[in-house]
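A.B. asks: Here's a sequence, model it:
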Amino acid sequence: MEVFLKLWRNQKAQRENVEGWLYRVAGRASFDELRRQRRRGHYERMLAWVQPRPKAPTPEDLHSVSQKQDRVRSVLSILKPREAQFLLLRSHDFSYQEVASILNVNPASIGTLVSRAEESFRKEYIKRYGNE
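C.D. replies: Residues are numbered from 1 along each chain as shown. Model prediction:
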């Protein structure tokens, strides 16, 4: 599109060999774009190791994470053991099929069982700690 805009703006190119002019200018534009992409990739790779490091967690952040983990553990300890197992396995990215085989459950019912376990967890968490 850029090449056709250049052609439209360039009166001299419209009078001469238009096909040749278009071919030459389109080729140059293509090479320019390839060079631009290669140059950008080079600079992005160079800057990848210079990226600022994520800020170190503050003691307050660490305490907050620890407190949340303790809350989750306490709620899991109150749930039925089977519900806790469903939630723990799913939190470790096991597929429904894998959870079904580990717990000897029909794979077709895993979605419902996990959903019920999540709901039980949510209700117990809210009952103990509010809607945080």
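A.B. asks: okay, now residue 76: neighbour count?
C.D. replies: Residues contacting residue 76 under the criterion other C-beta atoms under 10 Å number 19. Where you see a C-beta, it was placed from the backbone N, CA and C, and this is true even at glycine.
A.B. asks: what sits up against stretch 26-36?
C.D. replies: Residues outside stretch 26-36 that contact it (C-beta atoms under 8 Å, 6 or more residues apart in numbering): 2, 3.
A.B. asks: list the buried ones in it?
C.D. replies: By neighbour count on 16 or more other C-beta atoms under 10 Å, the buried set for stretch 26-36 is empty.
A.B. asks: could you dump it to CSV, C-alpha only?
C.D. replies: Provided in CSV are the C-alpha atoms of stretch 26-36 (Å, rounded to 0.1, in the frame of the first residue of the first chain):
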residue,chain,number,x,y,z
ALA,A,26,8.3,-2.7,-3.8
GLY,A,27,11.5,-4.8,-3.6
ARG,A,28,13.3,-2.1,-1.8
ALA,A,29,10.4,-1.6,0.6
SER,A,30,10.4,-5.3,1.3
PHE,A,31,14.1,-5.4,2.0
ASP,A,32,13.8,-2.3,4.3
GLU,A,33,11.1,-4.0,6.3
LEU,A,34,13.1,-7.2,6.6
ARG,A,35,16.1,-5.2,7.8
ARG,A,36,13.9,-3.3,10.2
